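In: below is the sequence, then the predicted model.
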Amino acid sequence: MASFPLNLNEQQQQRIHKLDVLRGQGLDPYPPRSQRTHTSSEAREAFLATEGVADSVAPEVTLVGRLQSLRVMGKLSFAHIEDGDGRLQLLLRRNDLGNEAYDRFRKEVDLGDFVQATGPMIRTRAGEITLQVQTWQLLAKALSPPPEKWHGLQDVETRYRRRYVDLAVNPAVRQIFRVRSRIVTNVRRYLDDHGFLEVETPVLQPLYGGAAAQPFITHHNALDQDLYLRISDELYLKRLIVGGLERVYEIGKDFRNEGISTRHNPEFTQIEAYQAYGDYYDMMTLAEECWATVAQEVLGTTQITFQEHTVNLKPPWHRLPMHEAIRDTAGVDIDADRDFEALHAHVVERKLHIEPQKTWGRLVDELFKEYVEPTLIEPTFILDYPVEISPLAKRKPDAPHLVERFEFFVAGMEVGNAFSELNDPLDQLARFEAQQKAHVAGDEEAHPLDEDWIQALMFGMPPTGGIGWGIDRMTMLYTNQSSIREVILFPQLRSKD
RNA sequence: GGGCCGCUAGCUCAAUUGGCAGAGCAACUGACUCUUAAUCAGUAGGUUACAGGUUCGAUUCCUGUGCGGCUCACCA
């Protein structure tokens, strides 16, 4: 018996009493094995294969599953059990089971219990394909009752904190995570088919990098050394490009120590891919082809509906240089106002403020986020970012204040980031030094100087295109979920108590 | 971190102006051999998130705390 205070409610106490009754009858409420012969859909198919066929015999099956409904009508009862394939009805008759087995089902079994039932498949008078139970067995007793049967579990907090209940009673939630799994599988397949090698790089890193974010810090006891949880995979994957692995990718968790919102979870899943001898144009092709292919495979169409928007992921996507986008929406020509003060005047005029890094690039970024981002409904690549906010990307040869970088947007949501990778070690060093200045000036998300990465670049890296996007946000778009918590099985919540 | 909203039975929700805390489902007892939101009769189930305050009296009004949702800021 439980030796810790469980604060059992009345229904739980009743169910524990039933455990004692069952054990008193010499029955194990938690037997070690089951003997399934068919899943619910296999049993249904087996029945349909024989129904109406002359001289055929109804198939005899053994099904297992969780009891989801029970309708007792005296000497006849109906129930539904649910397995991984779906629901199937059970018919139990006193005549078939005998008094003892029938009464035990009525008295000792509760909604939520796992049961096993054996018998022939039949069709009831109401037309439902049903297992006519001859023998049955309890597989696992549930001590807590399931939520109410037609409103189900709706409380969002309880759904996230007790996801097992959510999954058990809300089929739509199960479907989201099936889609998520198939998205990951198909992204992987696309990259595998295009010659990319899947690799794993450290989550625990002596120095973090690859993005503008604050890290989580942890400690290794034996080494007596602080380590960071990675904020991106970028610099390790690019080390592999230096090492001669020409196409690599990784799908894994990144960790960013920032606010939580409907679009941000502290740990999130990102795909990053790097292609030697490629550039950011190759990454655009990769993104639009991969997203369209995955949508076709997973959803059966390249058209997706997200909230009030319906968009088509079919290539080619819009390609819009950032300065054009800002000119067309904000009415500011950033090419004309190349210095901080001139552009700052426009920003002040529009009552925007920038913190903490006061650079020309941040002003551009601010204008972009305010005016352009909300307009990006159709899948769109925004090209050519300011160098100050892109310390790992290669400069545009004809415009060295910009870099060959794009971010892409679908249905108003930023989903990914890519660039022609900076492979000039001395320029990389200069960029890191600029980041250090920004850090001193108060930008806590400035990129730290990674000396080992400079060493790697000095060994020589070919021209390379790299891309990353969020699997969580991709799943949000493909399943039409407006909160990232709906596509993460166990989203981060504050601990209770 | 700011603003707004929410927290009542296992679940979904009510409760009038501050006046006995209720319903449906689930549970328990009974009837019922083709139901499927089964039906019918009956029973039980509450620290109204928590801590204070006002009041003869608080689910209701006030203050604080916790947790959550949305949103703004920040970010991806």
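Out: Happy to help now that I have it.
In: flag the shaky bits of the stretch 51-200 of chain A, pLDDT-wise.
Out: Judged against pLDDT under 70, the stretch 51-200 of chain A has no low-scoring part.
In: can you pull the residues of it lying near RNA strand B?
Out: Contact residues (Cβ under 7 Å from any atom of the strand) of the stretch 51-200 of chain A with RNA strand B: A:69-76, A:78, A:80, A:89, A:91, A:93-95, A:107, A:110-111, A:122, A:124-128, A:130, A:144-145, A:147-158, A:160. To be clear about C-beta, it is placed using only N, CA and C from the backbone, and glycine gets the same treatment.
In: in helices only, show me the residues you listed.
Out: A:R94, A:N95, A:K107, A:V156, A:E157, A:T158, A:Y160 (DSSP state H).
In: could the residues you listed go into a markdown table alongside neighbour count?
Out: Formatted as a markdown table, these follow (neighbours: other Cβ atoms under 10 Å):
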| residue | neighbour count |
| --- | --- |
| A:R94 | 16 |
| A:N95 | 9 |
| A:K107 | 12 |
| A:V156 | 12 |
| A:E157 | 9 |
| A:T158 | 13 |
| A:Y160 | 18 |
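In: look up phi and psi at the residue in the stretch 101-250 of chain A that RNA strand B sits nearest to.
Out: For the stretch 101-250 of chain A and RNA strand B, the shortest gap (Cβ to the nearest atom of the strand) falls at A:A126, measuring 2.4 Å. When read as degrees, to the nearest 10, the backbone of A:A126 gives phi -80, psi 0.
In: what does the domain assignment say about chain A?
Out: A:10-146, A:168-317+A:378-487 (automatic domain parsing).
In: dump these to CSV, plus distance to A:T329.
Out: Formatted as CSV, these follow (distance: least, Cβ to Cβ, whole Å):
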stretch, distance to A:T329
domain A:10-146, 49
domain A:168-317+A:378-487, 11
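In: comparing these, which comes out most buried?
Out: Stretch with highest mean neighbour count among these: domain A:168-317+A:378-487 (a mean of 18; mean count of other Cβ atoms under 10 Å).
In: now the end-to-end length of it.
Out: 16 Å (Cα to Cα, to the nearest Å).
In: other residues contacting the helix or strand where A:A46 lies?
Out: Using DSSP states H and E, A:A46 sits within helix A:40-50. By Cβ atoms under 8 Å, 6 or more residues apart in numbering, the residues outside helix A:40-50 that reach it are A:38, A:56-59, A:61, A:63, A:65, A:81-83, A:85-88, A:121-123, A:129, A:131.
In: that one and RNA strand B in contact?
Out: No - Helix A:40-50 lies apart from RNA strand B when judged by Cβ under 7 Å from any atom of the strand; the minimum separation is 13.5 Å.
In: so what strands line up beside the longest strand seen in chain A?
Out: For chain A, the strand with the greatest residue count under DSSP state E is strand A:60-73. Paired neighbours of strand A:60-73 in the sheet (DSSP bridges): strand A:76-83 (antiparallel), strand A:114-123 (antiparallel).
In: okay, the angle between that strand and helix A:40-50?
Out: 100 degrees (axes from the mean of the first three to the mean of the last three Cα atoms, to 10 degrees).
In: could I get the CA-only coordinates of strand A:60-73 as CSV?
Out: Provided in CSV are the C-alpha atoms of strand A:60-73 (Å, rounded to 0.1, in the frame of the first residue of the first chain):
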residue,chain,number,x,y,z
GLU,A,60,-12.0,-14.8,-33.4
VAL,A,61,-9.8,-12.1,-31.9
THR,A,62,-8.2,-10.9,-28.7
LEU,A,63,-8.1,-7.1,-28.3
VAL,A,64,-6.6,-4.9,-25.7
GLY,A,65,-7.2,-1.3,-24.8
ARG,A,66,-8.4,1.3,-22.3
LEU,A,67,-12.1,1.2,-21.3
GLN,A,68,-13.6,4.5,-22.6
SER,A,69,-17.3,3.9,-22.1
LEU,A,70,-19.6,1.4,-20.4
ARG,A,71,-23.3,0.9,-20.9
VAL,A,72,-24.7,-1.7,-18.6
MET,A,73,-28.2,-2.9,-19.4
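In: next one: it to chain centre, how far?
Out: In terms of Cα atoms, centre = their mean, to the nearest Å, the centre of strand A:60-73 is found 33 Å from the chain centre.
In: can you list contacts of that strand?
Out: By Cβ under 8 Å, 6+ apart, strand A:60-73 touches A:34-40, A:42-43, A:46, A:77-83, A:87-88, A:90, A:106, A:109-121, A:131, A:139, A:142, A:146, A:149, A:168.
In: for A:E308, grab phi and psi.
Out: Backbone torsions of A:E308, given as degrees, to the nearest 10, read phi -90, psi 0.
In: any idea how far it is from A:A411?
Out: The gap separating A:E308 from A:A411 is 9 Å, by Cβ to Cβ, to the nearest Å.
In: give me the neighbour count for A:A330.
Out: 19 (other Cβ atoms under 10 Å).
In: ok, and the closest non-adjacent residue to it?
Out: A:Y371 (3.9 Å; Cβ to Cβ, 6 or more residues apart in numbering).
In: per-residue confidence for the residue of the stretch 351-497 of chain A found nearest RNA strand B?
Out: Using Cβ to the nearest atom of the strand, A:R494 is the residue of the stretch 351-497 of chain A that sits closest to RNA strand B, at 3.0 Å. We have a pLDDT of 84 for A:R494.
In: and what of A:E370?
Out: On pLDDT, A:E370 comes in at 84.
In: that one contacts A:H346, correct?
Out: No - using Cβ atoms under 8 Å, A:E370 is not in contact with A:H346; the gap is 11.4 Å.
In: mutual contacts of these two, please.
Out: A:A330.
In: ok, the residue nearest to A:L352 when sequence neighbours are not counted - how many residues close by?
Out: Excluding the flanking residues, the one nearest A:L352 by Cβ to Cβ, 6+ apart is A:E366, at 5.2 Å. For A:E366, the neighbour count with other Cβ under 10 Å is 18.
In: so A:E366 is in which element?
Out: helix A:360-367.
In: ok, residues contacting that helix?
Out: A:322, A:326, A:330, A:332, A:334, A:338-340, A:343-344, A:346-347, A:350, A:352, A:354, A:385-390, A:401.
In: just say helix, strand or coil for A:I382.
Out: Classification of A:I382 by DSSP: H, G, I helix; E, B strand; the rest coil places it in strand.
In: what's the pLDDT at it?
Out: 95.
In: so, low pLDDT: which residues of the stretch 251-400 of chain A?
Out: Short version for the stretch 251-400 of chain A, where the test is pLDDT under 70: A:353-357.
In: near RNA strand B, which residues of it show up?
Out: So far as Cβ under 7 Å from any atom of the strand goes, the stretch 251-400 of chain A lies against RNA strand B at A:R256, A:E258, A:G259, A:S261, A:T262, A:R263, A:H264, A:N265, A:P266, A:F268, A:H353, A:E355.
In: one more time with 10 Å
Out: A:254-270, A:307, A:352-357, A:362, A:365-366, A:369-370, A:373-374, A:389 (Cβ under 10 Å from any atom of the strand).
In: quick check: phi and psi on the residue nearest to A:A330?
Out: On the backbone of A:Y371 - angles per degrees, to the nearest 10 - the values are phi -100, psi -40.
In: give the burial count for it, as a bare number.
Out: Neighbours of A:Y371 (other Cβ under 10 Å): 19.
In: A:H344 too?
Out: Neighbours around A:H344, by other Cβ under 10 Å: 17.
In: quick one: it is in a helix?
Out: Yes - looking at A:H344 with three-state DSSP, it is inside a helix.
In: and it, how far from RNA strand B?
Out: 15 Å (Cβ to the nearest atom of the strand, to the nearest Å).
In: equivalent analysis for A:L286, please.
Out: Taking Cβ to the nearest atom of the strand, one finds A:L286 at 18 Å from RNA strand B.
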